Structures are given as structure tokens and as C-alpha cells.
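Chemist: Next come a sequence and a model predicted from it.
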Amino acid sequence: MSPRFPCRPRTRWSESCWAIALPTTSERWADDCSGARAQAVRCAGFTGRRWRSCRRNYAFPRSSSGRPSRSASWWRCLGSARHRRCASGAGARSQCSSLTRRPSHCWSICCDADTRRSVWVTAQDGARLHVVDQGAGDAVLWLQGLNAPAAAWAVQLAHFAQSFRSLAPDARGVGQSDAPPGPYTARQLAADAGAVLDAAGVGRAHVVGISLGGAVAQELALGHPARVRSLALLSTFAAQPPRARALLEAWRALYPVAISDPRLRKAWELQAYAWLFTDRFWRSEANVRAALRFASTQPPQTAQGFVGQVDAALSHDSRDRLAGIDVPTLVIHGALDQLSVKENGEELARLIRGAELLILPEVGHAVNLEGQRAVNGALRALWKRVP
């Protein structure tokens, strides 16, 4: 059974966990809650008033708006249910106890805690790379985009934690990884990804890359095809079109100045997130606060690392080589992506033989967050088809 998030109230507490900072639309509400009735079995073993409260609240009494009730007793029960699941399954009791006191945290943080490891990998040039290694099963290599750490895959890492082994590196220049002098190239970052697989003892992996990470995934599939079982390219490009190139060159010049002052850094983050999400996301103040809180908790990227990554994005051009990719490939793109327009995805699907194209309506650049339901389902379906 694939892991499911329980239904969650959209309150200030939800902002403490990026993995549940989702666009607050009825569709995503329904998606979060769709499997929660089945979790009522976790009430088994409770007695008396606690059992009755648990059963009643897990049955989702409806409010006047038609949505599930979000009573405090339901959350107390859910905290207890999390404790039972974690104590009898993967997680540690001490960590689950903290969840019982603060039940609005993601249960996956607890239940997957003992399968999540932070490891360090040394690249060919000696740079140290931080990698999240989580779960067990067939390996999936998750490659994030420009200025994005492995933590930006939180939704997918939690969703697939009980089915796959996830390897999610902070690329050089990002997060906890080293930021050696640039310029970087997508091929160099692909060599780093190969070093991650080597250190993990993984011969072949499903590879998922978003934005710049998608360019890196292309280079990995072209340069090391034996390492790639399947390829998923999200919100990415074969080469930068003129408008995106102009934006990246502006970012390259402005970022060193932006990080010199806390007020400028906040302004930088606001404009960066404006490129990632659609107006629907921005209409929710909770979403915006959660996004900015996530950004504020991440190690600031050095100017040297950021400029190196921008250089990798600017120099990447695989158009005349993509016909050489010979692995099952899925291209996913948001129809409203302003940073990497959907024509980029259409070009990739056209140039890679046999590639499948999935365009998500009403979704922007951050498809793994705004379009997570479709993305997670499409990835799982792709991996099932691959021997």
C-alpha cells in the first residue's frame, strides 16, 4: 500500500512542515483525505471514551461547509494513532511522543525517521556533497533545481518512503554541500550524481530531475546510460530560450547583492517564489508564509555557489544529443510555467525517442508541489512499467 498523508486542518500549525504546505483547493483537500477513512482501523485497541472519540472523529463528521470536521479531539486521537503506528512500525517512540504533543507535524517525519540518513559523498574533485538517503527498495535519484536543496523534495520523499529508496543530494553550491569556485556545468553535476550512486552502492536508479536537475538528469542518461533505469524530466529544458537566459543573467548579477542584506534577501525570495508558483498558490496567505518559512530555514546559498549553478543552467544544450537517450522517459510540465515554458517540455518529448509527455493544467514551475497528485501518480506508473 502506498503511504498516505492523513487529512489535515489548514491552520498556522501546518506552516511548520513544508511537506504539508499545499495549495488549499478543494481538489487537494479531497486528495489528502481520500484514504483517511481506512486509517480508522488504527483506533483498534483504544477503550472507553477514547475509543468512541477516535471512531467518531475518524468517521469524519461533516461541518456546515461539507468538509471534514477539524475538532481538537480528532487531532488528539490522530496523535495517538500516529504514536501507535510509529511505536509498532518504523519510527521511534520518543519521536512519536513529540508528535502526540504537536500532532500537526507530518506523521511521515516520525514514521520514516529511522530510515532517513544524512550521508556525505566526495565528488571527483574532492567537493563534499550532502545526501538524504531514505527508505528501502528500488533506488530513486532525486535531482533538484537551481538554488533548491534536497529538502525541496519533501513531499515526494515522504510519499515514496515506504516503497522506494530515495537518494536526494544537495547539489554542489546548494544546502549543506560544498560550493567550490565555478563555473559549474550540467555534465559536472551529473558526475556528482554518479558519485552519489557509487557511494550508495546503487548500480541503476530511476532518475527524477526538476528544472536544472532535469538538465543534470539528461547528462546522466547521455553519459552514463547504464546507471539510469528510467528518466523523469520535470519543468526542465534542453537549452535556455532567450527570455529565460536574460532572466538568469540578471539573477547572476543581482544575487551577490541580494544576500548582503536581510531585507534584500527576503525580497529576493519573494520574487523567486513568484516564478515558481501560480496565482492560485499565491491567493493563500498560508501557502506564502509556509514557502517563506521553508526558505528561511535553509542554509543561505553562497554567491559563488549560486553563480556556479546559473552558469550550469546557461551552458546546458543537449538538443543535438537527446536522440541518444534510450531509456523509458516521462516529461512532465506545468501549463502555466513561466520560468521554463511548456514549449521546453514539448521540445524534450519531441527530441527523445518514445518519450511520454504530461502537461498539467493550472500548474506552474513547481510541479512537484502544485501538481503533486498527478506527478506522484505518473512517477509510480512509470516505475511499474520499467523492468
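Modeler: Now that the structure is in, tell me what you want to look at.
Chemist: which stretches of the stretch 51-200 of the chain form helices?
Modeler: In the stretch 51-200 of the chain, helices defined by DSSP state H, counting those that start in this stretch lie at 72-88, 93-101, 107-111, 154-159, 186-200, listed in chain order.
Chemist: can you tell me which of those helices the model trusts least?
Modeler: Considering the helices of the stretch 51-200 of the chain one by one, the lowest average pLDDT is found for helix 93-101, at a mean of 31.
Chemist: which SS class is A272?
Modeler: Following DSSP: H, G, I helix; E, B strand; the rest coil, we place A272 in the helix state.
Chemist: per-residue confidence for it?
Modeler: On the pLDDT scale, A272 is placed at 89.
Chemist: Please apply the same query to Q309.
Modeler: If you check Q309, the pLDDT there is 97.
Chemist: does it really touch T185, like I thought?
Modeler: No. Taking C-beta atoms under 8 Å as the contact criterion, Q309 and T185 are not neighbours in contact, 10.3 Å apart. Heads up, the C-betas are built off the backbone N, CA and C, glycines and all.
Chemist: Counting neighbours, go ahead and name the busier of those two.
Modeler: In terms of neighbours (other C-beta atoms under 10 Å), Q309 is the more surrounded of Q309 and T185; the figures are 30 against 19.
Chemist: how close does the more buried one sit to V119?
Modeler: Q309 is 22 Å from V119, where distance means C-beta to C-beta, to the nearest Å.
Chemist: and if you look at V363?
Modeler: Distance check for V363 against V119: by C-beta to C-beta, it reads 32 Å.
Chemist: Pull the contacting residues for the residue nearest the centre of the chain.
Modeler: Most central in the chain under C-alpha atoms, centre = their mean is W153, positioned 2.0 Å from the mean C-alpha point. Contact analysis of W153 by C-beta atoms under 8 Å, 6 or more residues apart in numbering lists W142, Q144, S166, A168, N368.
Chemist: Let me know the pLDDT of it.
Modeler: As summarised for this prediction, W153 has a pLDDT of 95.
Chemist: Check L292 too.
Modeler: 78.
Chemist: which non-adjacent residue is nearest it?
Modeler: Once its chain neighbours are removed from consideration, L292 has its nearest residue in E269; the separation is 6.1 Å (C-beta to C-beta, 6 or more residues apart in numbering).
Chemist: Brilliant, that's me finished.
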